[in-house]
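**Q** Okay, sequence plus prediction incoming.
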Amino acid sequence: MSVSEQSAPATARKRPLVTMKNVTKTFSSGTVALTGMNLSVEPGEFVSLLGPSGCGKSTALRIIAGLGGVTSGEIDWPSSKINSRGLPEGDISFVFQEPTLMPWQTVFGNVYLPLRLRGVPEKAAAPQIREALATVGLADFEKAYPRELSGGMKMRVSIARALVTKPKLLLMDEPFAALDEITRQKLNDDVLALWKERGIAVIFVTHSVFESAYLSSRIVVMKARPGRVHADFPLHTEIARTAEYRTSEDYRQACEIVSRSLHEAMDGEEH
Ligand SMILES: Nc1ncnc2c1ncn2[C@@H]1O[C@H](COP(=O)(O)OP(=O)(O)OP(=O)(O)O)[C@@H](O)[C@H]1O
């Protein structure tokens, strides 16, 4: 069995990187996107946020990233130094569904952006940029322009740009939803490899039961109208995520449990 519906024992817990405490978000339109949302993410966790459309996954991620305020409740960063905007400067990076690259800049220039914004001279930044590009398998493409790259390669540039600042927490909002299945599986493996190598924490928003069961060390299933946590359970990550894993009984069971939880979360909704 690769999934337990129990939470990890409290004794095994580390100091969280980020904690959402009783967060409510109501937009000016009156839509209550989140209510009573509680979530704590520890260093090194790979947490997938899964749930029906409109349950507030992106809103929760954007709030953690400081891209939107809360209506009530708190976001705490117990392990970070906080800047004047209440954010852990340098500790978080965001990867959006669209790669959002600057078409007039090379791959190198695009990955340089976060360091340029911090005033790091290009020459000093170059080793970090090349290291980030090597991590995503694009060491030979630093002079290419976005128009010369495939969709998967553009997404790799976007991931390299997020990694170049060496964040402790990587926030990913359906980053592979627009890619074909084979590219998506390849990028899943690449993200898992860099998660293990770098020991960073990841919060990954997805609609896909299969993707969440493959990637995560923990799955948080959300419920809609208003958005809140429905279920929160760890997956056993000691089983290597390989091509064989995708056809294994362990993976099938994990998908079944996640899928059941998602259906419970959608109970009463029209689908
Ligand atoms: N800027 C906004 N202004 C008003 N309402 C918003 C805004 N952003 C999101 N919403 C609403 O808040 C709710 C949650 O949206 P959100 O995008 O967080 O859900 P989601 O779970 O990420 O959805 P999906 O899976 O479809 O991307 C939805 O009802 C949405 O219409």
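**A** Right, received. Where do you want to start?
**Q** lowest average confidence, helix or strand, in this structure?
**A** helix 181-198 (a mean of 88; mean pLDDT, DSSP states H and E).
**Q** The very next helix or strand once past that helix to helix 181-198, inter-axis angle?
**A** Following helix 181-198 in sequence order, the next helix or strand is strand 201-206 (DSSP states H and E). Orientation of strand 201-206 against helix 181-198 (axes from the mean of the first three to the mean of the last three Cα atoms, to 10 degrees) gives an angle of 160 degrees.
**Q** So which bits of the stretch 151-271 of the chain are right by the ligand?
**A** Residues of the stretch 151-271 of the chain lying close to the ligand by Cβ under 6 Å from any ligand atom are 207, 227. Yep, even glycine has a C-beta here, placed from its N, CA and C like the rest.
**Q** residue boundaries of the helices in the stretch 151-271 of the chain?
**A** Listed in chain order, the helices found in the stretch 151-271 of the chain under DSSP state H, counting those that start in this stretch are 151-163, 181-198, 209-215, 249-265.
**Q** rewinding a little: list the helices and strands the least confident helix or strand of the chain packs on?
**A** helix 122-135, helix 151-163, strand 201-206, helix 209-215 (3 or more Cβ pairs under 8 Å, 6 or more residues apart in numbering; DSSP states H and E).
**Q** The same query, at a cut-off of 7 Å, please.
**A** Applying 3 or more Cβ pairs under 7 Å, 6 or more residues apart in numbering; DSSP states H and E, we find helix 181-198 packed against helix 151-163, helix 209-215.
**Q** can you redo the ones you listed as a markdown table with mean pLDDT and mean neighbour count?
**A** Shown next, in a markdown table, are the helices and strands packed on helix 181-198 (pLDDT from 0 to 100; neighbours: other Cβ atoms under 10 Å):
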| stretch | mean pLDDT | mean neighbour count |
| --- | --- | --- |
| helix 151-163 | 93 | 23 |
| helix 209-215 | 93 | 22 |
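**Q** who wins for proximity to residue 130 among these?
**A** Closest of these to residue 130 is helix 151-163, at 9.7 Å (criterion: Cβ to Cβ).
**Q** Report the inter-axis angle for the closest one versus helix 181-198.
**A** If you take the same axes, to 10 degrees, helix 151-163 sits at 20 degrees to helix 181-198.
**Q** quick one: contacts of helix 151-163?
**A** For helix 151-163, contacts defined as Cβ atoms under 7 Å, 6 or more residues apart in numbering pick out 93-95, 99-101, 107, 110-111, 113-114, 132-133, 135-138, 141, 146, 149, 170, 175-176, 178-179, 183, 186-187.
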